[in-house]
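# using only what follows, build the 3D model:
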Amino acid sequence: MTKKIIALMLLAVTLTACGGGGGTTTKTDASGLGKFSMDFKTKAKTEVKKDFEVKKGVFLPLAINVDSKPIIRYIIELTDFEFDPNSSSAKPKDDKQTSIEIALFGDAGDTAETPLRVKTFEVAPPFAKVDEKYGKVSNVAVTIFKDGKTEETSLSYNAKGTVKINSVAGETITGEVDLTQDDGAKIKGNFTAQMKKKK
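This next block holds a predicted model:
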């Protein structure tokens, strides 16, 4: 009898560890690519207060020059709609669609071949020189569609907070955004993105 009780206890422990006993699991959105909440007003005074489920996430490093010095800008595009990243823009085409663009500056000496690193990026100061931009957030912008046209709003200008890259595995990154502007506008969420194929 004692052997049966011990065997049953071991089975229960095994089932719970494997999720068969109703153990807790991490709650994620349906797509598994992330979720955002945002609350802000556009320049045209459109109030945007919504939750955003990421359906597509891609990123690409771009080599640019600032103050005649080279710098890498990692562009992360997140949308709540499907699009072909190799043939179309991630801009919304109707009022049910929204896109987020996160731009991060690489460190000094990075090239377009330098992988995006696990790191916490703080917001670059407004009008900063290139040496103050290395390893910082360049911009976090949300684009909506209203009255037949797109409206883009930067949520990193005069903002406090961070963009974190939490993991880099091959061509896949995960991260999180938590920014609040001086006027109370905010964006917060997490994402997964794949390397965009170069043309």
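
# CA atoms for contacts and neighbours, from now on please.
Will do.

# just checking, next helix/strand downstream of the least confident helix or strand in the chain by mean pLDDT?
Across the helices and strands of the chain, mean pLDDT, DSSP states H and E gives its lowest value to helix 2-17, namely a mean of 40. For helix 2-17, the following helix or strand on the C-terminal side (DSSP states H and E) is strand 35-41.

# what's the following helix or strand after that following strand?
Following strand 35-41 in sequence, per DSSP H and E, is strand 47-53.

# I'd like the distance from that following strand to the chain centre, please.
Here strand 47-53 is found 15 Å from its chain centre; the criterion is C-alpha atoms, centre = their mean, to the nearest Å.

# where do the strands sit along this protein?
Ranges of strands in the chain, per DSSP state E, are 35-41, 47-53, 56-66, 69-79, 98-105, 119-123, 136-146, 149-154, 159-169, 172-181, 186-195.

# most tightly packed of those strands?
strand 98-105 (a mean of 24; mean count of other C-alpha atoms under 10 Å).

# low-scoring stretches of the protein, by residue?
1-31, 198-199 (pLDDT under 70).

# what residues does stretch 98-116 touch?
52, 61-63, 71-81, 90-92, 121, 133-145, 168 (C-alpha atoms under 8 Å, 6 or more residues apart in numbering).

# identify the bridge partners of the closest residue in space to K96 that isn't next to it in sequence.
Once flanking residues are discounted, K96 sits nearest to F145: 7.7 Å by C-alpha to C-alpha, 6 or more residues apart in numbering. With DSSP bridges applied, F145 shows beta-bridge pairing to T150.

# what about D110, how many neighbours?
D110 has 17 neighbours, counted by other C-alpha atoms under 10 Å.

# check K133 too.
Quick note: K133 (other C-alpha under 10 Å) scores 23 neighbours.

# can I assume L60 is in contact with I75?
Yes: between L60 and I75 there is a contact under C-alpha atoms under 8 Å: 5.4 Å.

# contact partners for the closest residue to K93 other than its chain neighbours?
Closest residue in space to K93, ignoring its immediate chain neighbours: F145 at 6.4 Å, by C-alpha to C-alpha, 6+ apart. F145 makes contact with P92, K93, D94, D95, K96, Q97, T98, E151 under the criterion C-alpha under 8 Å, 6+ apart.

# next, the contact list for the last one, please.
Read it as E151. T42, T143, I144, F145.

# how near is the last one to P92?
The reference is to F145. 6 Å (C-alpha to C-alpha, to the nearest Å).

# in stretch 85-98, what's buried?
With burial defined by 16 or more other C-alpha atoms under 10 Å, the residues of stretch 85-98 counted as buried are P85, A90, K91, P92, K93, Q97, T98.

# fine by me, thanks again.
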